[in-house]
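Asker: A predicted structure for the sequence below; I have some questions about it.
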Amino acid sequence: MIATIKLSPTCQGLLEFTSELTNIVSQSGLKEGLCTLFVKHTSCSLIIQENADPSARRDLEHWLNRLVAENDPLYTHTFEGADDMPAHIKSVLTATSLSIPFENERLCLGTWQGVYLWEHRHHPGVRSVVVHLS
């Protein structure tokens, strides 16, 4: 089974979509298997991260922004703005796909784990995440 989740982040940062993904798994009719996610963009990524304390997400965002700074004079790919090349680098350093097993129609996530789109652009558009259940 394949589905697509459309997400509309409004700014740079982590956007949780665990509930949308949980709904797809629970309504699939499949009891167990593997949920594979793939984001169809080169300037955002997918991660599994703590969903209880927002300070963990803020710290991750600040750390990655410090690691991959905007306006680095080494960048030549700057046509779309100062955040363009850093967004591509951040995407390479994180992940564009994830695999999560599921059983009893539920994702096998830990108690404090959530699934996130990590938007790396300041003014993003709609993002598409392909979900494949097998």
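Answerer: Looks like it arrived, so ask away.

Asker: which stretch of helix or strand covers the residue nearest to Q49 when sequence neighbours are not counted?
Answerer: If you skip the residues right next to it in sequence, Q49 has Y116 as its closest partner in space, 5.7 Å away by CB to CB, 6 or more residues apart in numbering. Backbone N, C-alpha and C define where each C-beta goes, glycine included. Using DSSP states H and E, the element containing Y116 is strand 113-119.

Asker: Describe which strands the helix or strand that that strand is followed by pairs with in its sheet and in which direction.
Answerer: Going down the chain from strand 113-119, the next helix or strand is strand 127-133, by DSSP H and E. The strands that strand 127-133 pairs with in its sheet are strand 2-7 (antiparallel), strand 33-39 (antiparallel) (by DSSP bridges).

Asker: looking at the ones you listed, which is closest to T111?
Answerer: strand 33-39 (18.1 Å; CB to CB).

Asker: now the strands for this structure?
Answerer: Counting by DSSP state E, one finds strands in the chain at the ranges 2-7, 13-16, 33-39, 44-50, 97-103, 106-107, 113-119, 127-133.

Asker: which residues make contact with the shortest one from outside it?
Answerer: Spelled out, that is strand 106-107. Residues outside strand 106-107 that contact it (CB atoms under 8 Å, 6 or more residues apart in numbering): T18, L21, T22, V25, S26, C35, I100, P101, V115.

Asker: Most neighbours out of those, which is it?
Answerer: Across these, the neighbour count under other CB atoms under 10 Å reaches its highest value at V115, namely 25 neighbours.

Asker: Output the below-cut-off pLDDT ranges for this protein.
Answerer: For the chain, not a single residue meets the criterion pLDDT under 70.

Asker: re the thing from before, contacting residues for the residue nearest to Q49?
Answerer: Contacts for Y116 were tallied using CB under 8 Å, 6+ apart; they are L14, L15, E16, F17, L46, I47, I48, Q49, R57.

Asker: Tell me the bridge partners for it.
Answerer: Here Y116 sits in beta bridges with E16, I47, as judged by DSSP bridges.

Asker: deepest of the strands paired with strand 127-133, which one?
Answerer: strand 33-39 (a mean of 18; mean count of other CB atoms under 10 Å).
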